[in-house]
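Participant: When you get a sec, could you give me coordinates for this:
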Amino acid sequence: MEEIRDSRKSGDFAPFTKEDPLYAKSKEKLRLVTDAFTEILYARDDLFMDNMKEHNLAGDDISRYLNWEWPQGVGLYGIWKLYLERKDVGCLDLLKKYYDRQIAIGFPALNVNTTAPYLAMSFLAEETGEEKYLAPCVEAAKEIMTSFARTEAGGIQHLTSDSVNEQELWDDTLYMLVLFLANMGRILKDEDMIHEAEYQFLLHEKYLCDKATGLWYHGWTFKGHHNFAGAFWGRGNCWITMAIPEYLSIGGCSEAGKKLLVNALRDQIRMLLKLQAEDGMWHTLVDDESSYEEMSATCGFAYGMLKAVTDGLIEEEYRDQVLCAVRHALPSVLAGISDTGVVGQVSGGTAMGRDSKEFYKTIEIIPTPYGQSLAILFLMGCLRGL
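Facilitator: Numbers count the residues shown, from 1 in each chain. The predicted structure follows:
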């Protein structure tokens, strides 16, 4: 570990080879995490479902929400990317079975969080050419464009299954909803959707990105004109580190928009390099060492950084330093994956810290589909690109 830490600080990056002991371990842990995914994907979230009995804003059948929310959506996107990497029929079958099951059950009312599973389905529809997958995606994308809740300045309001969040922008929205809208714009060749996705990225950057540090606040309220508790939440920041490269790879962003987002990403990554803990992890409040180290944010940061490097979004002078930081995270991530493939040290769903940053330190640690998925993305990226 000391050797990795020293090389990270010096910026002296050594390529990751198949002879490296960490390569074989990464390959095995990736297999275990993938094998454990399905059981965690379908695990019942009793806390969420009990809450929905009293706080279902749409008033529809809550059974439709049981396995169709943002944790599943993020998780399934990781499986889709794994399928793309390997053309693994097992991954494709998992996706088809999941979406066929939901088609039979019916879809819940559309909000930011229930949009998340549509992202992988939109790619699946394109891959298979099956209308049963495409039609719900088209309907959802059109609803976002025509009737979805908006804030001042036309932002996507962070409406969830149980909370209106009136006049609020959250950084989660870009990963959970706007990536899907951008992809549907590409698939349908719909210029309005393409332009709207770019506008949402730029608007969220305006109100959520702290220009002094490059880090992103969890949220912004147009009612109070402030960033709530002013928290630089780890997983919220990792949504950005991942979302910007993913969005730019989907395409459709103008050159001016791309330049702004790339610069924002570079500023964020430069600060993240300074805030990485000695063991390679990042904290759940990235600028607060007293907050616990958190696995999903760590995997998201490392994956986003690696994708930024491979997509040519990082300045050459920082390239080796960024790769060293990614490599430095790997031993701790591997150690945090159990022998049964469960990714540990993952914080549960996190609402807005409205009054105090201390709120983020109290979020429980639980196995989640997104924890599995972000580890899959990170390990897959390491095996391909380090």
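
Participant: Hmm, Lys27 is touching Leu383, no?
Facilitator: Yes - counting by Cβ atoms under 8 Å, Lys27 touches Leu383, with 6.2 Å between them. Any C-beta I mention is one placed from the backbone N, CA and C, and that applies to glycine too.

Participant: what sits against His158?
Facilitator: Contacts of His158 were listed using Cβ atoms under 8 Å, 6 or more residues apart in numbering, and they are Val112, Asn165, Glu168, Leu169, Trp170, Asp172, Thr173, Gly219.

Participant: In terms of distance to Trp68, which of these ranks first?
Facilitator: Val112 (13.1 Å; Cβ to Cβ).

Participant: Now do that closest one: how many residues are near it, please.
Facilitator: 26 (other Cβ atoms under 10 Å).

Participant: surely it meets Leu177?
Facilitator: Yes - between Val112 and Leu177 there is a contact at 5.0 Å, judged by Cβ under 8 Å.

Participant: so what sits against both of these two?
Facilitator: Common neighbours of Val112 and Leu177 (criterion: Cβ under 8 Å, 6+ apart): Ile156.

Participant: still on that earlier bit, among the contacts of His158, which are located in strands?
Facilitator: Counted as lying in strands by DSSP state E, out of the contacts of His158, are Glu168, Leu169, Trp170, Gly219.

Participant: Nearest residue to the third one in space, please, no chain neighbours.
Facilitator: Closest residue in space to Trp170, ignoring its immediate chain neighbours: His158 at 4.0 Å, by Cβ to Cβ, 6 or more residues apart in numbering.

Participant: Okay, buried residues for the helix or strand containing Asp93 please.
Facilitator: Per DSSP states H and E, Asp93 falls inside helix 89-105. Within helix 89-105, the residues that count as buried by 16 or more other Cβ atoms under 10 Å are Cys91, Leu92, Leu94, Leu95, Lys96, Tyr98, Tyr99, Gln102.

Participant: pLDDT and distance to Val262 added to these, as JSON lines?
Facilitator: Output for those, formatted as JSON lines (pLDDT from 0 to 100; distance: Cβ to Cβ, whole Å):
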{"residue": "Cys91", "pLDDT": "97", "distance to Val262": "30"}
{"residue": "Leu92", "pLDDT": "97", "distance to Val262": "32"}
{"residue": "Leu94", "pLDDT": "98", "distance to Val262": "34"}
{"residue": "Leu95", "pLDDT": "98", "distance to Val262": "31"}
{"residue": "Lys96", "pLDDT": "98", "distance to Val262": "35"}
{"residue": "Tyr98", "pLDDT": "98", "distance to Val262": "34"}
{"residue": "Tyr99", "pLDDT": "98", "distance to Val262": "33"}
{"residue": "Gln102", "pLDDT": "98", "distance to Val262": "36"}
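
Participant: for those, which one is nearest Asp60?
Facilitator: Comparing the buried residues of helix 89-105 against Asp60 with Cβ to Cβ picks out Gln102 as the nearest, at 13.7 Å.

Participant: give me every residue that touches the closest one.
Facilitator: Arg64, Asn67, Trp68, Pro117.

Participant: is it true that the second one lies in a strand?
Facilitator: Right, the one you point to is Asn67. No - counting by DSSP: H, G, I helix; E, B strand; the rest coil, Asn67 falls outside a strand, being coil.

Participant: Do you know the pLDDT at it?
Facilitator: Asn67 is assigned a predicted lDDT (pLDDT) of 97.

Participant: Quick one: residues contacting it.
Facilitator: In this structure, Asn67 makes contact with Leu41, Tyr42, Tyr98, Arg101, Gln102, judged by Cβ under 8 Å, 6+ apart.

Participant: could those go into JSON lines alongside distance to Tyr370?
Facilitator: Listed next are the contacts of Asn67 as JSON lines, based on distance: Cβ to Cβ, whole Å:
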{"residue": "Leu41", "distance to Tyr370": "10"}
{"residue": "Tyr42", "distance to Tyr370": "14"}
{"residue": "Tyr98", "distance to Tyr370": "15"}
{"residue": "Arg101", "distance to Tyr370": "19"}
{"residue": "Gln102", "distance to Tyr370": "18"}
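
Participant: returning to what we had before: output the contacts of Gln102 in TSV, with distance to Ile337 appended to each entry.
Facilitator: Formatted as TSV, these follow (distance: Cβ to Cβ, whole Å):
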residue	distance to Ile337
Arg64	32
Asn67	23
Trp68	26
Pro117	24
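
Participant: And the strands in the chain, which stretches?
Facilitator: In the chain, the strands defined using DSSP E lie at 168-170, 219-221, 282-283, 293-294.
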